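Asks: Pasting the sequence and the predicted coordinates here, then a few questions.
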Amino acid sequence: MRSLSEIDTISKRALRAKGFSWGTSEEMGKSIKQLELFGLPGLKNLNQYLKIYDQNKFQQIKHVSKNNISENKFHCPISSGIGFLDQIKSLEKMNSVEFNKIAYPILFLSFVSRASEVLGKKILLKMDEKEFILNFNQSIFGNYHKNEIWENANNIFINFLDNNNSFSETEWKEMTKFANETFVDESDELKEKSAGAGLTDND
Amino acid sequence: MKVQLRSPKEIMKLSRLGCFHQSKLSFLRSFLEEFKDWNYSRDLFELNREGYGRAVYSFSKNNRTYSLVCFANELKDDERSDRVIATKWDAAFVLHDGIPTTQDIERLSKNVPKQEVGRLSYKELTLSRANRSVRLFNEVVESLSNGRQPDKKVLSNVGYLYRTTAVYGSGKFGLADRFRVKNRSEIKGPFRLEMMLVYLVRQFTFDQINHIAKNKNPEKFVELDKEIAKGLGIGNSTGLGMAPFIVNHPTLLNNWVLARETILKKIREVEDVNKNQFNTFLNCLKKSITNVENWNTDSDFQKNKIVELLKDLKKTINYLDSVDINQKFLFNEIYKWAEKTVCDECLEYLVSIFMEPFDGIVNKFKDKMSSDEDKYFTIPTERKISELRDILEKNYFDILKLDFTQKENNHNFWFISKNKEEPRLGSRFEVSGSELEQPLAIARDIKKLYERVIVTKNSLSIAEFLIENDDLRHVVRRAFIIEKFPYSEILDNTIGEHLMPIDMLRLKLSFFGAIKFDPRSDKWLRICMFQGAPLPNQLHNFDDKWVYETLN
């Protein structure tokens, strides 16, 4: 089995060999490492993308906007991903971002995951019929688990989710009630003898 | 009294970093401290009469075991090479996580001797190989088999029976990634597992040489005296492979140097130094001079440094004999005197020995020398160009003065050799391949970045800047790292004509705890590790100043 460190290094070097800058290659190395850690086929997809990179003219994107439409070519997942990551603070204000046509979208996914960490917010990413919840780059939850090359996605929708609890206030209160069972009732005697900092809160 | 940290502008120059020495902070010393109460055992020792075969050594505590698996192979004299391009070695080693099964050992026997072309698994942690010292090994076998202990003087000149030529870890060749083990409390400090491997290899070399000598002449044989064994370490030949590491791990480098600098600051701030503390320092210093006197090298570069060091150490001892040890902030006074009086090699030597009496200050930093580097990888692209410009001007002041249109400043380039996948350094005007240059010319690229930044609108965000300047993305990242980690960058030109790459190696090796740096050229050197260290059976109770004990 290849280690994640080897995967990072090989991805970085492969990208550099295709003419990407060192900085971008470093980003991709980290992203592929992360995808593989989450059990997604990052290296396989990058390999396929690099194989056809020279022949296919992909749409390079510089400024990511609310709607990113390409008429003919598929967007490059790397420039789209890095643009998205770099510009995430301004994109957040738009609440959602859409692309059409991204090649090898798994590669794009890794940057959205990292953007979730930068924002400190979960992100919902829909690519065609597949959906992913990106959790601060700590995990990727989705309905896509195949170890395959995923060539293209036609419709990509990104929604920045508010930091809401996944549970109701009632559920929280119920849990608090359970948790409080670990507390000791404080008698006057206990207050006097056991309060190390004294009897007032503000000393 | 508050003492300022020494400035990175002063410390992070290669000529200064190339003067660093081992100290209490060194990884091999902190490894011994950490593992002193673990159980050591030799679990397997199956060598033939000539000393070829396999062996397993382990450290264990509670439910954790680390096992060194050794494979000793027959090697013809003409096949033995220190160079990283070698493909065969006298012995090969791997540190296994847990107790290896018979199947594990079989699997490892097919891969470990092949080193870079073998494959390891997540169950293995570090990998290494070593060659016998041609100067010493057979001579010691000869002595022991004839019932004599070897000549201490000869042993002292070399310092080891075996010399490793590489120690790999952290995911190389399929080894376990660091993330799998990083939360284990016993390996919080950097390179603990590499140190463990080297330390156990040292014991293997003693066991093997005793075994060979015994089989050669069972009647007359004597075992290598334990005190003599203690005075032997493990050699290491190190080339350029180590140099890019410190450029590629900026936050880690920062944490190493910052720990050292903060400790120095705190020692200088000690108002009342007691007599015991001063005496501990002075004793270590005096004893250590024997190490310097026995520091052998053919390198004129190093010989000159040793001569200067010895001269200045004697000057320092004269000064210390007459210094008022009751004065306030004694170590600050000694430091200020040394700063004005002695060479950099001696100054940094003294900084290391300052730490000896101050366990209370030093020990807190031993576990703060690792780094979770991925945490600082993402560029804060919402920041503005004005901020980047300030960071560059503040932190790279001397670098920005370099003129890279001058041939001498742009002379070398770093590349990876195809056949060995190892870093190399070549002249861009003499050898081909500079189009495949590695991103290690940080000074040049920082200068290029600055030249673009100063003609860019201050209010532009970094995200917008990167759209048109993606080629400099790698150094934009570094600039934001140095802002938080002031000792993260070598503030020197790593591609200049007069670069001494061994300064980069020396920096790293000093943190390992190596001594007796012996440059074999400007690009590789030999060192010794664990010379004087307690043997595994002595670990439960040992003097932590063992490094100043020598064979003499």
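Replies: Alright, I've got the coordinates. Numbers count the residues shown, from 1 in each chain, chains lettered A, B, ... in the order given.

Asks: Only C-alpha atoms from now on, for both contacts and neighbour counts.
Replies: OK.

Asks: can you give me the helices for chain A?
Replies: A:4-17, A:22-37, A:42-53, A:77-86, A:88-92, A:105-119, A:169-179, A:188-194 (DSSP state H).

Asks: contact partners of the shortest one?
Replies: Under the criterion C-alpha atoms under 8 Å, 6 or more residues apart in numbering or on different chains, residues A:64-66, A:84, A:97, A:115, A:118-119, A:160, B:382 lie in contact with helix A:88-92.

Asks: Buried ones only from those, please, as a ChimeraX command.
Replies: Applying 16 or more other C-alpha atoms under 10 Å in any protein chain shown to those, the buried members can be selected in ChimeraX as follows:
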select /A:64,65,66,84,97,115,118,160 /B:382
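
Asks: would you turn the contacts of helix A:88-92 into a markdown table with distance to B:Ser121 and pLDDT?
Replies: Shown next, in a markdown table, are the contacts of helix A:88-92 (distance: C-alpha to C-alpha, whole Å; pLDDT from 0 to 100):
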| residue | distance to B:Ser121 | pLDDT |
| --- | --- | --- |
| A:Val64 | 42 | 95 |
| A:Ser65 | 45 | 94 |
| A:Lys66 | 45 | 95 |
| A:Phe84 | 36 | 97 |
| A:Val97 | 42 | 95 |
| A:Ala115 | 32 | 96 |
| A:Val118 | 33 | 94 |
| A:Leu119 | 36 | 93 |
| A:Phe160 | 39 | 88 |
| B:Glu382 | 41 | 96 |
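
Asks: which bits of the stretch 51-200 of chain B sit near chain A?
Replies: Proximity of the stretch 51-200 of chain B to chain A is confined to B:121-122, B:170-177 under the rule C-alpha under 8 Å from any C-alpha of the partner chain.

Asks: Recalculate using a threshold of 6 Å.
Replies: The stretch 51-200 of chain B comes close to chain A at residues B:171, B:174, as judged by C-alpha under 6 Å from any C-alpha of the partner chain.

Asks: low pLDDT regions in the stretch 51-200 of chain B?
Replies: B:82-85 (pLDDT under 70).

Asks: so who does the residue in chain B positioned nearest to chain A touch?
Replies: Nearest to chain A in chain B, going by C-alpha to the nearest C-alpha, is B:His474, at a distance of 4.0 Å. B:His474 makes contact with A:Gly23, according to C-alpha atoms under 6 Å, 6 or more residues apart in numbering or on different chains.

Asks: Could you list the buried residues of the helix or strand it falls within?
Replies: Using DSSP states H and E, B:His474 sits in helix B:473-484. By neighbour count on 16+ other C-alpha under 10 Å, the buried set for helix B:473-484 is B:473-483.

Asks: Equivalent analysis for stretch B:156-167, please.
Replies: Residues of stretch B:156-167 classed as buried by neighbour count (16+ other C-alpha under 10 Å): B:156, B:158-167.

Asks: Residues contacting that stretch, please?
Replies: B:127-133, B:137, B:232-237.

Asks: Helices - which of the residues you listed land there?
Replies: Mapping those onto helices (DSSP H) picks out B:Phe137.

Asks: Next, give me the two most distant ones among the contacts of stretch B:156-167.
Replies: The largest separation in those, counting by C-alpha to C-alpha, is between B:Leu127 and B:Phe137 at 22.7 Å.

Asks: need the least confident one among the helices of chain A, by mean pLDDT.
Replies: Between the helices of chain A, the one with the least mean pLDDT is helix A:188-194; it has a mean of 55.

Asks: hang on, the earlier thing: ok, B:Leu127 and B:Phe137, which is more surrounded?
Replies: B:Leu127 (29 against 17; other C-alpha atoms under 10 Å in any protein chain shown).
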